[in-house]
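Below is the sequence, then the predicted model.
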Amino acid sequence: MSESPPRLVTAVILVAAGSGQRLGYGMPKAAVPLGGEPILMHALRGIVASGVATQVCVALPAGDQGLRQLCDDFRGELADGGPLLTLVDGGSTRAHSVRAGIAALMEGIEAVLVHDAARALTPESVFHRVSDALAAGADAVIPALPVVDTVKTVAATTGEGAGFAPEVVTGTARREELRAVQTPQGFRTGTLVQAHQAAQALDQEQSAAVTDDAMLVEMLGAPVHVVRGSTQSLKITTPLDLIFAEGLLEGPLGARWVEG
């Protein structure tokens, strides 16, 4: 069996600047408690435990001293030789936060993983699969899971039907071709930089339609490869998501009981 190629020198941009309004805690999402600790701490520990990062660049809400102090305290947990922890002010959009992270990358970074702090329980194995695909030669890699629900496209109902329901089905997507995309999303550094440079030419409507970094790479015409994600990588957005995440932590083996 041939040996796997060595992993690239990698930075993780951790996007943690979300407002968390839908969680209803009146604080940034990264500060919301999960299992007695802020969501941000779970996300940081998962990245460090994976061993893939030379640098972790955290995009925080601008001016949030509480989360900055949490990150400063976390530095004390890092063993000698742990990743460099860099803090930047996030922007009003995800793209702005990622660009702030890109601007703070240290010299020599060959690959960047963009990760949502809201996916705080992502297993180490997902980081490994993404990193290994980049090392094998991919320029862009995303983790994803098959979609189990039937997905339909809809349009606003017009005419007589408007009195029945607000929307009408226009088609049904082939479930076999659909994937629910997660993070971390991995890119060769040059590819990610080029994608974000090109994105600055988008108008407001086009920018609003971009929901992840992989879409920007797709716009370049570059292939985006897919590796297996994890059901544990749920995105904590609503109070129900937080309940599910708490359940994962309280399972018989803690966060390990769901497959990686």
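Sure, I can see it.

What strand or helix carries Ala195?
helix 189-199 (DSSP states H and E).

helix or strand right after that helix?
helix 204-208.

How confident was the prediction at Pro252?
Model confidence at Pro252, given as pLDDT, is 55.

Nearest spatial neighbour of Leu249, chain-adjacent residues omitted?
Gly35 (4.1 Å; C-beta to C-beta, 6 or more residues apart in numbering). All C-beta spots, glycine's among them, are computed from the backbone N, C-alpha and C.

Let me see the contact set for the residue nearest to Ile109 when sequence neighbours are not counted.
The spatially closest residue to Ile109, leaving aside those adjacent along the chain, is Ala11, at 4.6 Å (C-beta to C-beta, 6+ apart). For Ala11, the contact set (C-beta atoms under 8 Å, 6 or more residues apart in numbering) comprises 53-57, 101, 105-106, 109, 111-113.

For my notes, confirm Ala11 occurs in a helix.
No. Remark: Ala11 does not belong to a helix; assigned using DSSP: H, G, I helix; E, B strand; the rest coil, it is strand.

ok, it to Ala17 distance?
17 Å (C-beta to C-beta, to the nearest Å).

For beta bridges, what are the partners of the residue nearest to Ile109?
Gln55, Val112 (DSSP bridges).

could you check the distance from it over to Cys71?
For Ala11, the distance to Cys71 - C-beta to C-beta - is 15 Å.

what do you get for Ala17?
Taken as C-beta to C-beta, the span from Ala17 to Cys71 is 13 Å.

Same question for Leu134.
Distance, Leu134 to Cys71, by C-beta to C-beta: 26 Å.

Kindly report the same for Thr122.
The gap separating Thr122 from Cys71 is 18 Å, by C-beta to C-beta.
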